[in-house]
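Enquirer: quick one, what's the 3D model for this:
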Amino acid sequence: MVRQSLFAALIAATALGGGILAGPVLAQSSSPATASTMGEAEREAFRGEVRAYLMEHPEVIFEAVAEYERQQQAAQADMDLALVQINAEDIFRDGHSWVTGNPDGDVTLVEFMDYRCGYCRRAQPAVMDLIGTDGNIRLVVKEFPILGPQSEVMSRFAVAVQQVGGDEPYGRVHDALMAWEGDITPEDLRGIASDLGLDAAQVMAEMSGDAVTAVLRANHELAQRLQISGTPTFVMGEGDDGELLRGYMPLEQMQAVVTRLRS
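Expert: Next comes the predicted model:
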C-alpha cells in the first residue's frame, strides 16, 4: 500500500510538470513549460508523454521509490540519534532499572521489554549470549508492560521484588517470568516470592504501591518521548550517544552494532 501510494504521488507530480521525469520528457520541447503555464491541451499531451515514458522505463519509478525510502530511513535515524542524546540520562542512568552484565562495560544495551511479548522471549537468549561472550556489555532492562493486564501484573511483581529484595532476586524473577507459560495467578506470585526467600506478603503489597507505579510510569513516559510503541526495543550506545533499534534482533546483528559502535 505504501509503495502504491508513492507510485500514485510520483505519477501525479510528474503529470503536473514538477516531477523527476519533467526533465527527460520536456527536454524534447524547445520551450519547456510548467504546470502554471500549460494550457489544458498541453497538460493532456504532457500526461500522455509521461505515461509513455513510464511504460517504456518503469524502472524509474522503483528508483525513485528506493531513493525516497532511503531518505526517510536516514531522517528517522537522525531523529532517533537526537532523541537518545536528549534523553540519555533517563535511558542509561535512571537509577531504578535493573543493571547486569559488566557494570563498567564500554557499550550499554538497554532493552524495553514485556514478559508477554513473544519476540522479547525470543530475544532473551541472544541478549544473554551477547553479554556472556563479549564480557564488556552493560545491560539495562526497562519494564515496559503494554500487552494487557497480565503484562502489568508481571512487571509490577518484578519491580516489587527488586524493591524488596534487590537486584539478585530480580534477575531470577526476570528469567522465570520470561519463560512463564500461560496466565500467572496471585498464588503463583506468592510461591515465587517465597521460593526466593522473600516476604511474599510484603512483595504482594508493594506491587500496588506508589514506588512501583512511579517506575512503570517513568518507563512509559520515556518510551513515549523516544516514540517507542512496541517490544522489544533496544538502545545500544556509548556514553550519551546511542542507536535506537526497534524490534527483535538476532545475536549476529547485535554483535555487528557493537562492533560499529566501537570502531
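Enquirer: the helices in the stretch 101-250 of the chain, which residues?
Expert: Secondary structure of the stretch 101-250 of the chain (DSSP state H, counting those that start in this stretch): helices at 118-134, 149-165, 167-178, 186-195, 200-207, 210-225.
Enquirer: do you know which of those lies nearest Pro103?
Expert: Distances from Pro103 to each of the helices of the stretch 101-250 of the chain were compared by Cβ to Cβ, and the smallest falls on helix 167-178, at 10.4 Å. Every residue, glycine included, has its C-beta placed from N, CA and C.
Enquirer: against His220, how distant is Phe112?
Expert: Counting by Cβ to Cβ, to the nearest Å, the separation of Phe112 from His220 is 10 Å.
Enquirer: hey, what's in contact with both of those two?
Expert: Phe144 (Cβ atoms under 8 Å, 6 or more residues apart in numbering).
Enquirer: neighbour count: the two, which is higher?
Expert: Set side by side, Phe112 and His220 give different neighbour counts by other Cβ atoms under 10 Å, the larger being at Phe112 (27 against 17).
Enquirer: specify the beta-bridge partners of that one.
Expert: Phe112 forms beta bridges with Lys142, Thr233, as assigned by DSSP bridges.
Enquirer: if I look at it, how far off is Ile184?
Expert: When distance is defined by Cβ to Cβ, Phe112 is 21 Å away from Ile184.
Enquirer: circling back to that earlier point, now the helices of the stretch 101-250 of the chain as CSV including mean pLDDT?
Expert: CSV is the format used below for these (pLDDT from 0 to 100):
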stretch, mean pLDDT
helix 118-134, 96
helix 149-165, 98
helix 167-178, 97
helix 186-195, 97
helix 200-207, 98
helix 210-225, 98
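Enquirer: which of those sits most buried?
Expert: Among the helices of the stretch 101-250 of the chain, helix 149-165 has the highest mean neighbour count (mean count of other Cβ atoms under 10 Å), at a mean of 22.
Enquirer: quick check: closest non-adjacent residue to Val140.
Expert: In this structure, Val140 finds its nearest non-sequential neighbour in Val110, 4.4 Å apart by Cβ to Cβ, 6 or more residues apart in numbering.
Enquirer: and the one you found, what does it touch?
Expert: For Val110, the contacting residues are Ile91, Phe92, Ser97, Leu139, Val140, Val141, Lys142, Phe234, Val235, Met236, Gly242, by Cβ under 8 Å, 6+ apart.
Enquirer: again, only this time at 7 Å
Expert: By Cβ atoms under 7 Å, 6 or more residues apart in numbering, the contact list for Val110 reads Ile91, Phe92, Val140, Lys142, Phe234, Val235.
Enquirer: which pLDDT value goes with the last one?
Expert: The reference is to Val235. Note for Val235: predicted pLDDT of 96.
Enquirer: likewise for the third one?
Expert: Per-residue confidence for Val140 comes out at a pLDDT of 98.
Enquirer: please work out how many residues are found near it.
Expert: 19.
Enquirer: that one against Gly101, yeah?
Expert: No: taking Cβ atoms under 7 Å as the contact criterion, Val140 and Gly101 are not neighbours in contact, 8.9 Å apart.
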